[in-house]
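# What shape does this take:
(chains A and B)
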Amino acid sequence: MDAASAGPVKLTGEKIVYGGLNGEFTGIHIVNLLLTLVTAGIFRFWARTRERRYVWGHTALLGDWFEYSGTGKELFIGFLKALVVFGALFGVFYLGGWLAVLFAADLAQAQILTPLFSLPGYALVLYLTHFGAFSARRYRMSRTFWRGIRFEQRGSPVTYANRAFVGFLACVLTLGLYFPYYALRLRAYELDNLHFGTLSFHFEANPRALWRPFLLAWVIGAAFVLGIAALFGPAYWTILQYAPNPVPPEEFPRVLALLPLAVLAGYIVLPLAWAGFSAAMMRHIAASTSLGGLRFACAATGWRLFRLWLGNTLIVMFTLSLLRPVAINRSMRFFARHYAIDGEVDLVTIGAAAAGPRSGEGLAGYFDLDALPG
Amino acid sequence: MQGNGIYFDGAAPVPRQANLAVDGAALSITDAAGAIIARWDLGDIDLVDHRPATLTLARRGGEARVKVTDPELAAGLIVALRAGLRRRAWGGAIRWVGAGASLVAALGLFLVFAWPSAADLLAQFLPESWLDRLGQVTASAVAGQRPHCTDPRAFALLDGLAGRIAEASGRPKPEITVVRQPVANAFAMPANRIVFFSGLIAEAQHPNEIAGVLAHEIGHLERRHPSRQLVRQGGLFLLVEMFTGGSSLGAFGASAVSTGYSRAFEREADDFARATLAQAGLDARPVAGFFGRMAAKEKAREKDSILPFGLGGSLDYLSTHPNSAQRAAAFAEAPPGRAALTAAEFAALKGICGTQ
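As a prediction, the model looks like this:
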């Protein structure tokens, strides 16, 4: 052991460094798109792996890059597993819905019976989305290295999905007011079960601290939605009268000419309100997290987060996602710029973690969830 | 070939200064005192990261890492390792991507070439009660919540005309529904059903135009196009659902009938319509007028449309029956015959939705 590197390391406002280059990353992305196209989509698991290797490999702490060691083959096998199990499950619900239609006594009964299959189907999708998101996290963390030590996400996808499912229902029942609790409970489960090697993260949040920014966002959002409903409700009713056929021109509601304007306003007002709350939550989550003697801090503000989101949305939209890497780079630089680590840790006391799952991200690959921002 | 580097042992995230040297086919890693830490076969080394000045290496499957900080050694190592690395990096991918893409391609070929005939075969074995229910479901999906047009005299005329045409072709009379909808179109549904939109009756300028459309739709029924289409698209839909993890039962019924039949199906229905009208002694030539007006509309729309591929979101006859001009020509060459309704009857039929 070298004298220089032994003993505790002291960090003061240490930043994560992101060095991804737009041109280089876009080059990788374009090749990915082409190969995905000519292989009927199969290459996308390898494409995703190449992207992650680039992003992880250009993110550094204390001068050492992170490393993504996952492979496309692992993602592909995970996808195939999910396809077999859950494709079959969806087939059952889909065919079940049709059999209900075919065997019902009459059309009215069929209309009652079909939701008996489609509603559990939707619930299953919701449940499995969270189950898959957590499994994917477990896989990704196990393939993330820093200085030869891997991360480990412990905890059970079942517990996580249960919490998410119940929390989602609570959000619906409280018209969204439960959301800060819901979000923090999920982050708590993720972070309290996260390890770097043998060193465990800890998370202790206080949802009440988020009440004020959340209520502000909620009130703005509710006012906007009510305004839109009052403005376009009658027009929607007219369209409903004709559905699924188009409304004849002479009865076409004139107010719909305002729709593009309302959509545009929605693209500004709602994300702006949400960004204020999101930034408050990011700051709170960072401040509530510790790793051994290390503390985290986040300096993101709502306005900066909104600008990041707006820029990324425009970049992805106007280039039909050709420049998605630019958006990812922007998000990563935002992350690097706004987070800081303080405190002391004795690296020698950290040991290696378990190897983690053998194949990857089955359900998340199936639902096409992705880990990268932007 | 040797130089400086940093060694991470994979047991703790602690950097260790190391001397690196390539001797023979191995990379030997020694500490400052010259004691051997590890020896890695070059064939066993994975490239973790490659920057202009530094190189990060791993022993395959292991967690120890070597960071080569000596630029010369890094450059030499990358040359020594390159061939094997590239083979490993892409070899696995090519095998798996190749297998996956071949599977998708095989599935695609099956869907394009084998599935239509397989679905036709399957459709023949669907029980009558199922077809009846499918007809009800799709009819209600296409008609939506719109009121039906039921003027007794006018409806009897249309129903009687459908009966005459069906009889001429030796088929049972179809069940007709007229939906108040100012769009010119008509649909054949499984289990001998035809749904008319009232716009088609309003736009007709000759009774035989309506007879022609009736005969065309009865042609679809005769060739079992609706149930064949339902099974074809139902299978495709199921497959897409399975691969994408979606679940939307509702939209299917309407999409199956409103996306339109293949050209082959339309030609079959047209041929059947001309033969049946001739059999019934009815003049098929006015039908050409109907298609002619549709062709003019088609041209006008192509000129006006700002959207590509005719994406207008319309449900009228054109959207489900393209190539009006060609079809008009075929009807124009039909032999002469009688009018399907008298002028008075035709005027009465126009009032099928009551006073509009």
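
# Contacts only, for A:Phe296.
A:286-287, A:289-290, A:339-341 (CB atoms under 8 Å, 6 or more residues apart in numbering or on different chains). To be clear about C-beta, it is placed using only N, CA and C from the backbone, and glycine gets the same treatment.

# That one is in what secondary structure piece?
Here A:Phe296 sits within strand A:294-298, counting by DSSP states H and E.

# which parts of the helix or strand that that strand is followed by are buried?
Using DSSP H and E, the helix or strand that directly follows strand A:294-298 along the chain is helix A:302-318. Neighbour counts over helix A:302-318 (16 or more other CB atoms under 10 Å in any protein chain shown) mark A:302, A:305-306, A:308-309, A:311-312, A:315-316 as buried.

# Is any residue of the lengthiest helix in chain B near chain A?
Ordering each helix of chain B by length in residues (DSSP state H) puts helix B:71-109 first. Yes - with CB under 8 Å from any CB of the partner chain as the measure, helix B:71-109 is seen reaching chain A through B:92-93, B:96-97, B:100-101, B:104-105, B:108.

# So among those, where is pLDDT lowest?
The member of the residues of helix B:71-109 next to chain A with the lowest pLDDT is B:Gly92, at 72.

# Report the contact partners of that residue.
A:71-73.

# what about the residue nearest to B:Gly62 when sequence neighbours are not counted, how many neighbours?
Closest residue to B:Gly62 apart from its sequence neighbours, by CB to CB, 6 or more residues apart in numbering or on different chains: B:Gly10 at 6.3 Å. Residues contacting B:Gly10 under the criterion other CB atoms under 10 Å in any protein chain shown number 19.

# what helix or strand does B:Leu239 sit in?
B:Leu239 belongs to helix B:225-244, assigned by DSSP H and E.

# what does the average pLDDT come to for that helix?
Helix B:225-244 shows a mean pLDDT of 75.

# repeat for stretch A:222-231
For stretch A:222-231, mean pLDDT is 92.

# What's the separation between B:Leu277 and B:Ala211?
Plainly put, B:Leu277 is 6 Å away from B:Ala211 if you go by CB to CB, to the nearest Å.

# Next: A:Leu231.
On the measure of CB to CB, A:Leu231 and B:Ala211 end up 47 Å apart.

# can you check B:Ala343 too?
If you measure B:Ala343 against B:Ala211 using CB to CB, the figure is 15 Å.

# so which of the contacts of A:Phe296 comes closest to B:Arg267?
Closest approach to B:Arg267 among those (CB to CB): A:Tyr339, at 65.7 Å.

# quick one: contacts for that closest one?
By CB under 8 Å, 6+ apart, the residues touching A:Tyr339 are A:15-16, A:286, A:296-299.

# Just send the residues you listed back as CSV, with pLDDT too.
Output for the contacts of A:Tyr339, formatted as CSV (pLDDT from 0 to 100):
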residue, pLDDT
A:Lys15, 96
A:Ile16, 96
A:Ala286, 96
A:Phe296, 97
A:Ala297, 97
A:Cys298, 97
A:Ala299, 96
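
# picking up where we left off before, make a markdown table out of the contacts of B:Gly92 and add secondary structure, distance to chain B and neighbour count.
Below are the contacts of B:Gly92 laid out as a markdown table (DSSP: H, G, I helix; E, B strand; the rest coil; distance: CB to the nearest CB, whole Å; neighbours: other CB atoms under 10 Å in any protein chain shown):
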| residue | secondary structure | distance to chain B | neighbour count |
| --- | --- | --- | --- |
| A:Thr71 | coil | 7 | 20 |
| A:Gly72 | helix | 6 | 21 |
| A:Lys73 | helix | 5 | 18 |
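
# and which of those is nearest to A:Val263?
The nearest member of the contacts of B:Gly92 to A:Val263, counting by CB to CB, is A:Gly72 at 37.7 Å.

# The closest one contacts A:Arg48, doesn't it?
Yes - assessed by CB atoms under 8 Å, A:Gly72 is found in contact with A:Arg48 at 7.4 Å.

# May I see the buried residues of stretch B:150-164?
Applying 16+ other CB under 10 Å to stretch B:150-164 flags B:151, B:154-155, B:157-158, B:161-162, B:164 as buried.

# Next up, the contacts around the one residue in the stretch 51-200 of chain B that gets nearest to chain A.
Residue of the stretch 51-200 of chain B nearest chain A, by CB to the nearest CB: B:Gly100 (3.6 Å). Applying CB under 8 Å, 6+ apart to B:Gly100 gives the contacts A:39, A:42, A:76.

# Looking at these, which are in strands?
In strands, judged by DSSP state E, none of the contacts of B:Gly100 are found.

# pretty sure B:Ala204 is touching B:Ile210, no?
Yes - the criterion here is CB under 8 Å, and B:Ala204 meets it with B:Ile210 at 5.0 Å.

# quick check: longest helix of chain A.
Ranked by residue count under DSSP H, the longest helix found in chain A is helix A:107-142.

# any idea which helix or strand comes after it?
Towards the C-terminus, the helix or strand next in line after helix A:107-142, according to DSSP H and E, is strand A:144-146.

# who does that next one touch, helix- and strand-wise?
strand A:64-68, strand A:149-153 (3 or more CB pairs under 8 Å, 6 or more residues apart in numbering or on different chains; DSSP states H and E).

# ok, and what's touching stretch A:150-162?
For stretch A:150-162, the surrounding residues in contact (CB under 8 Å, 6+ apart) are A:69, A:127-128, A:130-135, A:137-138, A:140-145, A:186, A:189-190, A:192-197, A:352-356, B:63.

# Mind listing what's buried along stretch B:328-345?
Counting neighbours by 16+ other CB under 10 Å, stretch B:328-345 gives B:328, B:330-331, B:334, B:337, B:340-341, B:345 as buried.

# Which one of the residues you listed is nearest to A:Val166?
Of all those, B:Ala328 has the smallest distance to A:Val166: 62.6 Å, by CB to CB.

# what about that closest one, distance to A:Val247?
For B:Ala328 relative to A:Val247 (CB to CB), the value is 29 Å.

# helix/strand/coil for B:Ile201?
With DSSP: H, G, I helix; E, B strand; the rest coil as the basis, B:Ile201 sits in helix.

# Enumerate the residues of the stretch 101-250 of chain A near chain B.
When proximity is defined as CB under 8 Å from any CB, the stretch 101-250 of chain A approaches chain B at A:101-102, A:104, A:107, A:110, A:114, A:117-118, A:121-122, A:125, A:145-150, A:196-197, A:240-246, A:248.

# if we can go back for a sec, compute the inter-axis angle for the helix holding B:Leu239 and helix B:71-109.
Per axes from the mean of the first three to the mean of the last three CA atoms, to 10 degrees, the angle that helix B:225-244 makes with helix B:71-109 is 160 degrees.

# Report the buried residues of helix B:225-244.
B:225-235, B:237-238, B:241-242.

# Which of these sits closest to B:Val142?
B:Pro226 (11.2 Å).

# For that closest one, list the residues it contacts.
Counting by CB under 8 Å, 6+ apart, B:Pro226 makes contact with B:134-135, B:138, B:188-190, B:220, B:257.

# Sketch out the helices for chain B, chain order is fine.
B:71-109, B:115-124, B:128-143, B:152-168, B:198-203, B:207-222, B:225-244, B:250-258, B:263-279, B:285-304, B:317-320, B:324-332, B:343-349.

# So which of those is nearest B:Asp31?
The closest of the helices of chain B to B:Asp31 is helix B:71-109. By CB to CB, the value is 16.7 Å.
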